[in-house]
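In: I'd like to go over a predicted model; first the sequence, then the structure.
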Amino acid sequence: MTAENPAGQRVVIDRYPDGALRPSDFAVEAYVPPIPQDGEFLVRTMFISVDPMLRLLVDAAPFGGGMPAMPLGTTIPGAAVGEIIATRNPAFKVGDLVEGRFGWQTLAISTGTGVNRVNPALGKLENALGIAGLPGFTAYVGLHVAGGVKPGQTFLVTGAAGAVGSAVGALVRARGGRVVGIAGGESKRRYLMDEIGYDAVADRLAPDFAAQLASALPAGADVYFDNVGGLLFPKMLPFLGRGALILVCGLMAQYQPDDAAVGADHLPDLLRAVMFKGLRIQGFTQLGQDALRPAFEEELAALIASGKVQPKVHVEHGIERLPQALVNLFDKSTTGKVVVSVDAASGSLSARRTREEAN
Ligand SMILES: NC(=O)c1ccc[n+]([C@@H]2O[C@H](COP(=O)([O-])OP(=O)(O)OC[C@H]3O[C@@H](n4cnc5c(N)ncnc54)[C@H](OP(=O)(O)O)[C@@H]3O)[C@@H](O)[C@H]2O)c1
């Protein structure tokens, strides 16, 4: 590709957030990508992922200063799925459908590092950013760290209606476990019960939240899969059974300054529960767990084929929707996995793929 290299659009960080994230912290701009060099390829992205971890990365002092700030004007480094349109990398050919950290942009150069080929057995293209991608793989790795789903076990999941929480619920149920979720509001509760298959869901906004949890967990949970942290975390301790495992997957409530999240010191409560209930607490990350990916894809493909898991993705349209979509994650107004379609052709390509798979 030479002078005809197409123009694209990208979303960059325009200013570091001051408190809660705002769409105006970002800017959408036109750009022309570089020409692929030896070992590189050019991807036309179709669906771009909206992930909570991005909130930490756009901070003036990411991870509490543990990482240098990304310079203003940097493209937001999100995951995306797309089609290769030019290549000088012999391992990838034009037309390949791939998923990777291509960034919030419509055209991206890649060397192929960290890039996964989209597995056609996992359904629509956009699923590669949902249960068939990072959120689903995170759920799978968490269950692996927990030692699998043992007969009779009950899982308790916070942020259940989010991308990871929905995937945890679907996988636990498919493996024969019992799963109880926490969600904010009746519509999310219904989504989890009717569409994902949660056994019970407690509404954290309802006045009788504790009573709902007590009735859903008469013997206490065996595994507490925490996506949220913050002030929700100590509220879960009374509902954990003896010897329960607390699996810390994410700390959604702690990613941006929030006065409401600053409360009393709950460490003594946690230590008391660890001591008297014999609790274990374990953090984990999906990073570096690529060896588990083939087994994950095999299990998920079988679950999708049998109808035990029905992938769901909420699609918004237009690259300019990305900043607001990320803000919405922290407003807690989204349900399930949110992706943004950035390519007019992606809807029809996705539909074509689905039709081809059905034949
Ligand atoms: N360990 C890993 O390798 C790994 C990988 C990917 C993601 N993660 C983490 O997994 C977590 C979930 O990610 P996701 O993609 O599923 O996020 P998501 O789709 O944005 O959903 C998160 C859910 O958390 C709840 N929530 C958000 N802020 C909250 C607050 N302040 N207080 C209480 N609840 C709040 C909301 O549910 P309700 O309002 O319904 O309660 C929301 O549905 C995040 O912490 C993320 O960083 C970890």
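Out: Thanks, I have it.
In: going by C-alpha atoms from here, please, whenever you check contacts or count neighbours.
Out: OK.
In: which strand or helix spans the residue nearest the centre of the chain?
Out: The centre of the chain sits closest to Pro135, judged by C-alpha atoms, centre = their mean, with a distance of 3.7 Å. Here Pro135 is covered by helix 134-145, with elements defined by DSSP states H and E.
In: buried residues in that helix?
Out: 134-143 (16 or more other C-alpha atoms under 10 Å).
In: tell me what it is packed against?
Out: Counting contacts by 3 or more C-alpha pairs under 8 Å, 6 or more residues apart in numbering; DSSP states H and E, helix 134-145 packs against helix 163-174, helix 293-306.
In: of all the ones you listed, which lies closest to the ligand?
Out: The ligand sits nearest to helix 163-174 of all the helices and strands packed on helix 134-145, at 3.6 Å, using C-alpha to the nearest ligand atom.
In: any bit of the closest one sitting next to the ligand?
Out: Yes: residues of helix 163-174 contacting the ligand under C-alpha under 6 Å from any ligand atom: 163-165.
In: of these, which is the most crowded?
Out: If you count neighbours using other C-alpha atoms under 10 Å, the busiest of the residues of helix 163-174 next to the ligand is Gly165, which has 30 neighbours.
In: from Leu57, how far out is the closest residue to it other than its chain neighbours?
Out: Nearest residue to Gly165, sequence neighbours excluded (C-alpha to C-alpha, 6 or more residues apart in numbering): Gly159, at 5.7 Å. The spacing between Gly159 and Leu57, counted by C-alpha to C-alpha, to the nearest Å, is 21 Å.
In: between these two, which one's more packed in?
Out: Neighbours were counted for Gly159 and for Leu57 using other C-alpha under 10 Å; Gly159 has more, 26 against 18.
In: ok, then the element right after the helix or strand harbouring Phe276?
Out: Per DSSP H and E: Phe276 is located in helix 267-277. Where DSSP H and E defines the elements, the next helix or strand beyond helix 267-277 is strand 280-283.
In: quick one: contacts of that following strand?
Out: 243-249, 274 (C-alpha atoms under 8 Å, 6 or more residues apart in numbering).
In: could you flag which of those are buried?
Out: Buried among the contacts of strand 280-283 by 16+ other C-alpha under 10 Å: 243-249, 274.
In: redo those as TSV? Include pLDDT.
Out: Converted to TSV, the buried ones among the contacts of strand 280-283 look like this (pLDDT from 0 to 100):
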residue	pLDDT
Gly243	97
Ala244	98
Leu245	98
Ile246	98
Leu247	98
Val248	98
Cys249	98
Val274	96
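In: which of the residues you listed sits closest to Met53?
Out: Comparing these against Met53 with C-alpha to C-alpha places Cys249 closest, at 11.6 Å.
In: which residues touch the closest one?
Out: Cys249 neighbours (C-alpha under 8 Å, 6+ apart): 142, 225-227, 283-285.
In: do the same with Gly8
Out: Gly8 sits next to 30-33, 105-107 when contact means C-alpha under 8 Å, 6+ apart.
In: show me the shaky parts of the protein.
Out: By pLDDT under 70, the low-scoring segments of the chain are 1-5, 258-263, 344-359.
In: domains in it, by residue range?
Out: 8-130+313-358, 134-283 (automatic domain parsing).
In: turn those into JSON lines, columns for distance to Ala302.
Out: As requested, the domains of the chain are exported to JSON lines (distance: least, C-alpha to C-alpha, whole Å):
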{"stretch": "domain 8-130+313-358", "distance to Ala302": "9"}
{"stretch": "domain 134-283", "distance to Ala302": "11"}
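In: of the ones you listed, which approaches Arg293 most closely?
Out: When the domains of the chain are compared (using C-alpha to C-alpha), the closest one is domain 134-283, at 7.4 Å.
In: off-centre distance for that closest one?
Out: Distance, stretch centre to chain centre, for domain 134-283: 16 Å (C-alpha atoms, centre = their mean, to the nearest Å).
In: for it, measure first residue to last.
Out: End-to-end for domain 134-283, by C-alpha to C-alpha: 17 Å.
In: filter the contacts of Cys249 to the buried ones?
Out: Buried members of the contacts of Cys249, counted by 16+ other C-alpha under 10 Å: 142, 225-227.
In: what's the closest of those residues to the ligand?
Out: When the buried ones among the contacts of Cys249 are compared against the ligand (criterion: C-alpha to the nearest ligand atom), the nearest one is Asn227, at 4.2 Å.
In: ignoring the adjacent residues along the chain, who's closest to the closest one?
Out: Nearest non-adjacent residue to Asn227, counting by C-alpha to C-alpha, 6+ apart: Gly250, 4.3 Å away.
In: in this structure that neighbour contacts Phe225, no?
Out: No: with contact defined as C-alpha atoms under 8 Å, Gly250 does not count as touching Phe225 (9.2 Å).
In: spatially nearest residue to Arg175, not counting backbone neighbours?
Out: Among residues not flanking Arg175 along the chain, Val149 sits closest, at 6.6 Å (C-alpha to C-alpha, 6+ apart).
In: whoops, Thr158 was the one
Out: That would be Ile182: by C-alpha to C-alpha, 6+ apart, it lies 4.8 Å from Thr158.
In: my guess is the one you found contacts Gly162. True?
Out: No: Ile182 is beyond contact range of Gly162, at 10.3 Å (criterion: C-alpha under 8 Å).
In: and Gly243, what element?
Out: Following DSSP H and E, one finds Gly243 within strand 240-248.
In: what packs against that strand?
Out: Secondary-structure packing of strand 240-248 (3+ C-alpha pairs under 8 Å, 6+ apart): strand 221-226, helix 267-277, strand 280-283.
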